[in-house]
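[1] No sequence on hand, only this structure:
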């Protein structure tokens, strides 16, 4: 009987020790892994304003297309004219992320091209908002355009009283007008924007001008490329006219995104 009581007492002691060790180690693990009152969840960055994109080929009003592509009015065949108005959709694999459309119209005076592109930027980092990611993408796009440094136009005779000559004073409006047509950042379009204007020579005779206007609104980036190549040798596409047309289209697209 004594031997049986000894064995039972030993077993009870071992069980008590095991229970104490298990309870103690579990409490230590809980205290270190998730201290009382600790907040282990961080707020996710805000999604962008836009979840979808417009259909690019239907985003440009017909009247605007006629101003940008004068050759539309010269197309006599109704079916051909409607196809020209409709444009050609850019191939994309996710129309919620990117849509685009191209138009090409020939006229008696020039061949005009128009390309409109919409890109919706999405951040895959929970700590970076869609807007912030779009801002970074747009900054890289603007840097790639290599815009010249902004310049301030000052009149050489502005502070010289009677010493200013008529010729130097008359040159000031011309200088200002020229400066206004240079590639530059735009402050009155979307959240940020820029305009680029380049003139290239095709072969040895024809000069082609491309005006690019790009802007960002929240997490959507819109790019307009407007190109004209005259049919006559020696004719240079008018920079002011092309910039004005591209800017008007950009304003319309920005307004449509805001609706």
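    Cool, got the structure. What you see is a predicted model; the values in this text were computed from it and never measured.
[2] The residue nearest to the spatial centre of the chain: what's it in contact with?
    Averaging the C-alpha coordinates of the chain gives a centre point, and the residue nearest to it by C-alpha atoms, centre = their mean is residue 221 (2.3 Å). Listed by C-beta atoms under 8 Å, 6 or more residues apart in numbering, the contact set of residue 221 reads 118, 119, 121, 134, 137, 138, 141, 214, 215. C-beta: built from backbone N, CA, C; applies to glycine.
[3] Apply 6 Å and report the result again.
    Going by C-beta atoms under 6 Å, 6 or more residues apart in numbering, residue 221 touches 119, 138.
[4] Residue 255 versus that one, what's the distance?
    When C-beta to C-beta, to the nearest Å is the yardstick, residue 221 and residue 255 sit 16 Å from each other.
[5] returning to that earlier point: in its sheet, what does whichever strand or helix holds the residue nearest to the centre of the chain sit against?
    Residue 221 belongs to strand 220-230 when elements are defined using DSSP states H and E. Within its sheet, and counting by DSSP bridges, strand 220-230 is paired with strand 110-120 (antiparallel), strand 206-217 (antiparallel).
[6] re earlier: beta partners of the residue nearest to the centre of the chain?
    Beta-bridge pairing for residue 221 (DSSP bridges): residue 119, residue 216.
[7] Same question for residue 210.
    Listed by DSSP bridges, the beta-bridge partners for residue 210 are residue 198, residue 227.
[8] change the start of the numbering to 80 and stick with it
    In the new numbering, first residue 80, that becomes residue 289.
[9] Surely it touches residue 307?
    No. Judged on C-beta atoms under 6 Å, residue 289 makes no contact with residue 307 at a distance of 8.2 Å.
[10] Pick out whichever of those two has more residues nearby.
    Residue environment comparison for residue 289 versus residue 307 gives the larger neighbour count to residue 307, 26 against 19, counting by other C-beta atoms under 10 Å.
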